[in-house]
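Engineer: This is a predicted model, with the sequence first.
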Amino acid sequence: MKSATIKSIIIKVAFTFSLFQVWVLKVSAQEGYVAPPNSVFAAHPASQPDTLRRVYLGLGIGINNYAGALGIGLDIRTVPQLLMRLGAGFGTWGTKVSIGLRYEEHPGKTGWIYGLAYTNSSGLSNYKISLMVDSANTVVTKDVNLNLLTASTLNLTVSRNWVFHRHNEFFFEFGYSIALQNNPFVVTDGSVLTNTSKEVINITAPGGFIIACGVMFGL
């Protein structure tokens, strides 16, 4: 009885997977996507034109950008409308790395792209900045030594991309970056920061509105 049940489950799983494979091939053919030769979803090379690129490499700049104030990005197409995004660069909070997913409404064409990403900024040690501090109940401005701690965010984005030379894209991106830590810094010289100074530091910390642009080259 137990053997028959296991056999029934295996048959159902195999049948479901076969239906999913047929669906992926159908969608891929409509979008002009060619699966890798070793993929279980690969079709006959002659049956699908190579109109989509699987890998894109490029540059990006911006505020709360997935690749920092300036960095590089890598998009890897998993299925026609879905790309995995990787980013690395430099920003106000040290080096930044990210990983996420992007959904294209019209793969390989000018249109809208929706994204979700996780970012991590390394922080900085012995960071010096001029801030207002409370000294004997008097507010004065002085250089303060800080350690900027590791900070992470969850980025929700909407992008508009414009295709040029068939496989390259210029994009403008906006959205919101949700900070996953509060006050990710430590004062190391004993200074007592005013609330205004804390707000200034938090403004420069990862998180907040996203405004970015960049270019990606299809490989």
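Structural biologist: That came through, no problem. Numbers count the residues shown, from 1 in each chain.
Engineer: any idea how far M216 is from the residue lying closest to S125 once chain neighbours are set aside?
Structural biologist: In space, and not counting its chain neighbours, S125 is closest to N147: 5.4 Å by CB to CB, 6 or more residues apart in numbering. To be clear about C-beta, it is placed using only N, CA and C from the backbone, and glycine gets the same treatment. Distance, N147 to M216, by CB to CB, to the nearest Å: 35 Å.
Engineer: which of those two has more neighbours?
Structural biologist: A count of neighbours by other CB atoms under 10 Å puts M216 above the other of N147 and M216, at 23 against 14.
Engineer: Quick check: buried residues in the helix or strand that one falls within?
Structural biologist: Following DSSP states H and E, the helix or strand that holds M216 is strand 208-218. Buried residues in strand 208-218, counted by 16 or more other CB atoms under 10 Å: G208, I210, A212, C213, G214, V215, M216, G218.
Engineer: Can you give me the domain assignment for this protein?
Structural biologist: In terms of domains, the chain is parsed into 1-51, 52-218 (source: automatic domain parsing).
Engineer: Packed most tightly, which of those domains would that be?
Structural biologist: The highest mean neighbour count among the domains of the chain belongs to domain 52-218 (a mean of 17), with neighbours defined as mean count of other CB atoms under 10 Å.
Engineer: so for that domain, what's the average pLDDT?
Structural biologist: The average pLDDT within domain 52-218 is 94.
Engineer: can you give me the end-to-end distance of that domain?
Structural biologist: End-to-end distance of domain 52-218: 8 Å, with CA to CA, to the nearest Å as the criterion.
Engineer: Pull the distance from that domain to the chain's centre.
Structural biologist: When distances are taken as CA atoms, centre = their mean, to the nearest Å, domain 52-218 is centred 9 Å away from the chain's centroid.
Engineer: other SSEs contacting the lengthiest strand in the chain?
Structural biologist: When the chain is parsed with DSSP state E, its longest strand is strand 151-164. In terms of contact count using 3 or more CB pairs under 8 Å, 6 or more residues apart in numbering; DSSP states H and E, strand 151-164 is assigned the packing partners strand 94-104, strand 111-121, strand 168-179.
Engineer: among these, which is nearest L52?
Structural biologist: For L52, the closest of these is strand 94-104, at 9.7 Å, according to CB to CB.
Engineer: pretty sure L59 is in contact with G68, am I right?
Structural biologist: No: with contacts counted by CB atoms under 8 Å, L59 stays clear of G68, the gap being 11.0 Å.
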